[in-house]
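> this one's sequence-less:
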């Protein structure tokens, strides 16, 4: 019996990271126009944004004049970051997500979230979304 309990505890512990990973949005650049730069949270050199590029929690997407970047969340929600913008994926957990728009503008088309929460912060305001376009 003790062996069975110990085995179950090991299996549950091993599956915890996989479950935690499943609870995050699959965020990626869906489309890019003009000069778009991605600054990785791990400190690696900035790279040019390309369609299909995965984004991680903490990454920044910087869009220059005349450009735009569409960020898809699990393919269902879409955030369009407009020109002259600096956008950061602060927290990508599905239960409670947070994004930071340092400067610029965006258009978000968010699928119905149910009891999940999504916030967009700016230096002067916070907007919470339940599933809408804003």
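Noted; the coordinates are in hand. Note that this is a predicted model, so its numbers are computed, not measured. Numbering: from 1, shown residues only.

> which strand or helix spans residue 65?
Residue 65 is part of no helix or strand, with elements assigned from DSSP states H and E.

> give me the pLDDT value at it.
You'll see residue 65 listed with a pLDDT of 98.

> what's around it, how many residues?
Residues lying near residue 65 (other CB atoms under 10 Å) number 8. To be clear about C-beta, it is placed using only N, CA and C from the backbone, and glycine gets the same treatment.

> same check, this time on residue 50
Neighbour count of residue 50, defined by other CB under 10 Å: 12.

> how about the helices in this structure?
2-22 (DSSP state H).

> may I ask which helix or strand of it has the lowest mean pLDDT?
Using mean pLDDT, DSSP states H and E, helix 2-22 stands out as the lowest-scoring helix or strand of the chain, at a mean of 42.

> which stretches of this structure have low pLDDT?
Scanning the chain for pLDDT under 70 picks out 1-22, 113-114, 126, 128-134.

> quick one: the strands in this protein?
Secondary structure of the chain by DSSP state E: the strands cover 27-33, 36-39, 47-48, 54-55, 60-63, 68-73, 77-81, 85-91, 96-103, 106-109, 117-121, 126-129.

> list the helices and strands the longest one packs on?
Translated: strand 96-103. strand 85-91, strand 117-121 (3 or more CB pairs under 8 Å, 6 or more residues apart in numbering; DSSP states H and E).

> may I have the strands that pair with the shortest one, each with its orientation?
Sheet neighbours of strand 117-121, with direction, are listed as strand 96-103 (parallel), strand 126-129 (antiparallel) (DSSP bridges).

> likewise for the longest one?
For strand 85-91, the paired strands and their directions (DSSP bridges) read strand 60-63 (antiparallel), strand 96-103 (antiparallel).

> out of those, which one sits most buried?
Across the strands paired with strand 85-91, the average number of neighbours (mean count of other CB atoms under 10 Å) peaks for strand 60-63, which reaches a mean of 22.

> in CSV: the helices and strands packed on strand 96-103, plus distance to residue 39 and mean neighbour count.
Formatted as CSV, those follow (distance: least, CB to CB, whole Å; neighbours: other CB atoms under 10 Å):
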stretch, distance to residue 39, mean neighbour count
strand 85-91, 9, 20
strand 117-121, 18, 18
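
> I'm done for today, thanks for sticking with me.
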